[in-house]
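> how would this look folded up:
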Amino acid sequence: MNITELFTQGGIAMWPLLFLSILSVGTIFERIWFWSRILTREREVAGRVLEAARREWLAATEIAQRSRPLPMGRFLYAALKLSDPHPEVFRLALETSANEELTTMRRGEKALEAVIALSPLLGLLGTVVGLINSLGSIQLSQLGGDATAGTALGIGEALISTAAGLVIAIISMAFYRLFQGFVFGQAKVFRQSGSELELLYRQAWAFTKGKPSVMNKPEANINKPEAK
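As a prediction, this is how the structure comes out:
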């Protein structure tokens, strides 16, 4: 029995299940492409920006600006691009940018959640409709005859939609959990990188006592000795 025959015998519920499977596959491939571009580079960008910030804020800003195609670059640049902000403003810029980037990373989760919830229910609906059709054709006088054997075959075919719905839901759930793990991991990297950058900025701010150009002048560096 090939896939076409299974689809035909699964009943009317197979059509919405086909739509859900296409939605799930499309979302999964889009998210795989998204994560494959950033997972191996986010920590590298954060390390380069933080290392530059320890020496020169202007260099750190330039590195973050060049890295804006990546979420980490946009996240750090949102604070670094500000002109001598107060430390609290600097922190709020990081938090706001982190929330925006993490929201983007969660794109597609609602679609997978809908597939996970609806696929088993549609499969069960298809099975119930198939059982109703199969059992409705049985007459008491035909019990034990060929009609009963045909009904049993019809019941087996009615279960195809349930199996299809479960397969779609299980695959979607597996990738949903995988993508959620990626988001949690990125949230941890954002939190660590943002906290370290904020600490460096607060130290620079305290060193210059709030004087202008903390962000944009190379001399605003806590690692350089104070001029006597």
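> going by C-alpha atoms from here, please, whenever you check contacts or count neighbours.
Fine.
> now stretch 15-30: buried residues?
Residues of stretch 15-30 classed as buried by neighbour count (16 or more other CA atoms under 10 Å): Leu17, Leu18, Leu20, Ser21, Leu23, Ser24, Val25, Thr27, Ile28.
> need the contact list for Gln186.
Counting by CA atoms under 8 Å, 6 or more residues apart in numbering, Gln186 makes contact with Leu102.
> and the most centrally placed residue in the chain, what does it touch?
Centre of the chain computed as the mean C-alpha position; nearest residue by CA atoms, centre = their mean is Arg106, 3.6 Å away. By CA under 8 Å, 6+ apart, the residues touching Arg106 are Gln180, Val183.
> what distance separates the one helix or strand Ser193 maps to from the centre of its chain?
Per DSSP states H and E: Ser193 is located in helix 146-208. Offset of helix 146-208 from its chain centre (CA atoms, centre = their mean, to the nearest Å): 7 Å.
> tell me the buried residues in the helix or strand of the chain with the lowest mean pLDDT?
Every helix and strand of the chain was ranked by mean pLDDT, DSSP states H and E. The lowest is helix 3-9, at a mean of 73. Buried positions in helix 3-9, judged by neighbour count with 16+ other CA under 10 Å: Phe7, Gln9.
> what is it packed up against?
helix 146-208 (3 or more CA pairs under 8 Å, 6 or more residues apart in numbering; DSSP states H and E).
> would you confirm that Leu122 contacts Leu166?
No - with contacts counted by CA atoms under 8 Å, Leu122 stays clear of Leu166, the gap being 9.7 Å.
> show me whatever sits in contact with both of these two.
Here Leu122 and Leu166 share no contacting residue, scored by CA under 8 Å, 6+ apart.
> phi, psi for Ala13 please.
Backbone torsions of Ala13, given as degrees, to the nearest 10, read phi -70, psi -20.
> gap between it and Ile28?
23 Å (CA to CA, to the nearest Å).
> picking up where we left off before, gap between the least confident helix or strand of the chain and the chain center?
Distance, centroid of helix 3-9 to centroid of chain: 33 Å (CA atoms, centre = their mean).
> may I have it as CSV, with CA atoms only?
Extracted in CSV, the C-alpha atoms of helix 3-9 (Å, rounded to 0.1, in the frame of the first residue of the first chain):
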residue,chain,number,x,y,z
ILE,A,3,1.1,6.8,0.3
THR,A,4,-1.5,7.7,-2.2
GLU,A,5,-3.7,4.8,-1.3
LEU,A,6,-3.2,5.5,2.5
PHE,A,7,-4.2,9.1,1.9
THR,A,8,-7.3,8.1,-0.1
GLN,A,9,-8.4,5.5,2.5
